[in-house]
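*Asks:* Provide a 3D model corresponding to the input given below.
(2 chains)
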Amino acid sequence: MGFNWNWEFTWEILPKLLHATLNTLMAAGLGYAIAVVLGMVFALAQRTPYWALTKVVREVIEFIRSTPLILQIFFVYYVGPQFGLKLGPWTAGMIAIGLHYSAYLSEVYRGGLEAVPKGQWEACTALNMSTRDTYLRIVIPQAIPPALAGMGNYLVGIFKDTPMLSVIGVAELMHTANAIGSSSYRYLEPYTLVGIIFLAISLPTAGLIRLFEGYVRRKLGLK
Amino acid sequence: MSYLDFLKEYGPRFWDGALVTAGQFLLATALAIAIALTAGLMKLSRNRIVHGAAVVYIEIFRGTSLLVQLYWIFFVLPLFGITLEKFTAGFVAVGMNLGAYGAELVRGGIQSVPKGQWEAAYALSMSPAKRMWRIILPQAFVNMLPPWGNLLIELLKNTALVALISVSDLMFEAKQINGSTFLSAQTFGTALIIYYILARFIVTPFMRWLELVMRRKLGRA
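*Replies:* Take a look at the predicted model:
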């Protein structure tokens, strides 16, 4: 075989890979959507007055953050059927990756929430606002802008971690490249193309996120 | 089968897997530190070619997935005449990937050393190499230790991917045991707990201890 790039083969597999890229993007988007919401729930749960809840959530987050995502994906996918709950690869994958990144995002939110000055809280108390209103209308809107950089990094991070979903059979980019590789015995083109596609998406996204972050900061008069 | 029986029967295999994981972790860490230092210093270079090479390396390895890099090193590199054994390919991929992230930490750490330190070393007419080794790097090292702690946890977690090229690490053993027993909760649960113990009770305390020692050495504690 040796090193010889086959352009004909490249054009043949490129449409398949680009199609799979859509699945990759969808997986990243869905996983991120779960993480954005669940992360906030985790962050807020650590600010409740119930220390048992706070403690448990804290430990759960630590546990999720210090164990490998790939193992968590296997865990979610295989443990369900053992107890009679069968999850499809997509469902299991989204739960695992969403949960994993929600632990990371909750830390980002936590930093943002803690950075909101105490005076804001006191002003809300003085105005007789409910805790719910204080969070939704005053605290969270101020906590998000400083958290945007971290949130953006994890968006790129979740995108780069989607190839792990191939191990449970989610038909994303890596899974398609593996299938092409094992049916044609050519690994050079599929794996190199996957690398290029990842670069072509993650580098501009990282740049855009940086621009967007600057825009939001300027808009809110933070810098 | 009770969980205790399960542990009695499969405990040794988890242990063997954990040892391979530890080996992968140590070798990948050594490689990542070497690469981070080299690429981080190169990125600070004023020479455009040296700087450019570091940027290309860092962006390629940070812009793609570790899994893609691992497969590329294991399946594609042989086509170029470089065949790595799976154990080697595993820690090389993990080390090269995390080294790219570490390079940014090295760069940031060096830039965080106050300018006066550079000027003082210059005033004492130290050679650039001596200035870097004796004055700048030790201080940069202390500054970047906390983010390195996080990076090493990431590295430990990422070594689990080497199971996908059949390195018999903890993840691989768990997969094998699950395949033969179908006791998924016990198998993957045990593996998760072992990874947690490694990260939380070995890597993190070691890094905290190192931070303390280094700060003391520089008279900052």
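*Asks:* hey, which helix is longest across the chain?
*Replies:* With no chain named, the answer covers chain A. helix A:7-45 (DSSP state H).
*Asks:* nope, chain B
*Replies:* Assigned via DSSP H, chain B shows its longest helix as helix B:3-44.
*Asks:* helix or strand right after it?
*Replies:* helix B:48-63 (DSSP states H and E).
*Asks:* That following helix packs against which elements?
*Replies:* If contacts are counted by 3 or more Cβ pairs under 8 Å, 6 or more residues apart in numbering or on different chains; DSSP states H and E, helix B:48-63 sits against helix A:188-219, helix B:3-44, helix B:86-111. C-beta here means a position set from N, CA and C on the backbone, and glycine is covered the same way.
*Asks:* what's the angle between it and helix A:188-219?
*Replies:* 100 degrees (axes from the mean of the first three to the mean of the last three Cα atoms, to 10 degrees).
*Asks:* in the helix or strand following helix B:48-63, what's buried?
*Replies:* Scanning forward in sequence from helix B:48-63 by DSSP H and E, the next helix or strand is helix B:66-71. Going by neighbour count (16 or more other Cβ atoms under 10 Å in any protein chain shown), the buried part of helix B:66-71 is B:66-71.
*Asks:* what packs against helix B:66-71?
*Replies:* Where contact means 3+ Cβ pairs under 8 Å, 6+ apart, helix B:66-71 is packed against helix A:173-184, helix A:188-219, helix B:86-111.
*Asks:* Could you confirm whether any residue of the last one contacts chain A?
*Replies:* Pointing back at helix B:86-111 there. No - using Cβ under 8 Å from any Cβ of the partner chain, helix B:86-111 never reaches chain A; the gap is at least 10.1 Å.
*Asks:* Go through that helix and flag the buried ones.
*Replies:* In terms of neighbour count (16+ other Cβ under 10 Å), helix B:86-111 has its buried residues at B:87, B:89-107, B:109-110.
*Asks:* same question for that helix, mean pLDDT?
*Replies:* Computed over helix B:86-111, the mean pLDDT rounds to 96.
*Asks:* Hey, what's the angle from the following helix or strand past that helix to helix B:86-111? Just curious.
*Replies:* For helix B:86-111, the succeeding helix or strand toward the C-terminus, using DSSP H and E, is helix B:115-123. When the same axes, to 10 degrees is applied, the directions of helix B:115-123 and helix B:86-111 differ by 90 degrees.
*Asks:* pretty sure B:Gly95 contacts B:Ala32?
*Replies:* Yes - contact status for B:Gly95 versus B:Ala32: in contact at 4.6 Å, counting by Cβ atoms under 8 Å.
*Asks:* Near chain A, which residues of chain B are found?
*Replies:* Going by Cβ under 8 Å from any Cβ, the residues of chain B near chain A are B:59-60, B:63-69, B:71-72, B:75-76, B:79-81, B:153, B:157-161, B:163-164, B:171, B:174-175, B:178, B:182-185, B:188-189, B:191-192, B:195-196, B:199-200.
*Asks:* Now, of those, which are buried?
*Replies:* B:60, B:63-69, B:71-72, B:75-76, B:79, B:153, B:157-161, B:163-164, B:171, B:174-175, B:178, B:183-184, B:188-189, B:191-192, B:195-196, B:199-200.
*Asks:* Is stretch A:76-91 positioned near chain B?
*Replies:* Yes - shown here: stretch A:76-91 in contact with chain B (Cβ under 8 Å from any Cβ) through A:78-79, A:81-83.
*Asks:* One more: stretch A:14-27?
*Replies:* No - using Cβ under 8 Å from any Cβ, stretch A:14-27 stays clear of chain B, with a minimum separation of 9.9 Å.
*Asks:* Could you give me the buried positions within that stretch?
*Replies:* Quick answer for stretch A:14-27 (16+ other Cβ under 10 Å): A:16-17, A:20-21, A:23-24, A:27.
*Asks:* Including pLDDT, could these go into JSON lines?
*Replies:* Output for the buried residues of stretch A:14-27, formatted as JSON lines (pLDDT from 0 to 100):
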{"residue": "A:Lys16", "pLDDT": "94"}
{"residue": "A:Leu17", "pLDDT": "95"}
{"residue": "A:Ala20", "pLDDT": "95"}
{"residue": "A:Thr21", "pLDDT": "95"}
{"residue": "A:Asn23", "pLDDT": "95"}
{"residue": "A:Thr24", "pLDDT": "96"}
{"residue": "A:Ala27", "pLDDT": "96"}
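*Asks:* hang on, the earlier thing: closest to B:Leu41 out of the helices and strands packed on helix B:66-71?
*Replies:* helix B:86-111 (7.0 Å; Cβ to Cβ).
*Asks:* and that closest one with helix B:3-44, angle?
*Replies:* Between helix B:86-111 and helix B:3-44, the angle comes out at 50 degrees (the same axes, to 10 degrees).
*Asks:* Between the residues of stretch A:76-91 next to chain B, which sits nearest chain B?
*Replies:* Using Cβ to the nearest Cβ, A:Tyr78 comes nearest to chain B of those, at 3.7 Å.
*Asks:* Which members of the residues of stretch A:76-91 next to chain B occur in helices, if any?
*Replies:* Counted as lying in helices by DSSP H, out of the residues of stretch A:76-91 next to chain B, are A:78-79, A:81-82.
*Asks:* one step back: ok, and which of the helices and strands packed on helix B:48-63 has the densest surroundings?
*Replies:* helix B:86-111 (a mean of 22; mean count of other Cβ atoms under 10 Å in any protein chain shown).
*Asks:* Now do the contacts for B:Ala32.
*Replies:* For B:Ala32, the contact set (Cβ atoms under 8 Å, 6 or more residues apart in numbering or on different chains) comprises B:94-96, B:98-99, B:102, B:151, B:155.
*Asks:* and if we set it to 7 Å?
*Replies:* The contact partners of B:Ala32, by Cβ atoms under 7 Å, 6 or more residues apart in numbering or on different chains, come to B:95, B:98-99, B:102, B:155.
*Asks:* Please report how far it lies from chain A.
*Replies:* For B:Ala32, the distance to chain A (Cβ to the nearest Cβ, to the nearest Å) stands at 17 Å.
*Asks:* Please report how far that residue lies from B:Gly40.
*Replies:* From B:Ala32 over to B:Gly40 the distance is 11 Å, taken as Cβ to Cβ, to the nearest Å.
*Asks:* related to what we said a few turns ago, can you redo the helices and strands packed on helix B:48-63 as TSV with distance to B:Leu212?
*Replies:* TSV is the format used below for the helices and strands packed on helix B:48-63 (distance: least, Cβ to Cβ, whole Å):
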stretch	distance to B:Leu212
helix A:188-219	34
helix B:3-44	19
helix B:86-111	18
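*Asks:* Thank you kindly, that will do.
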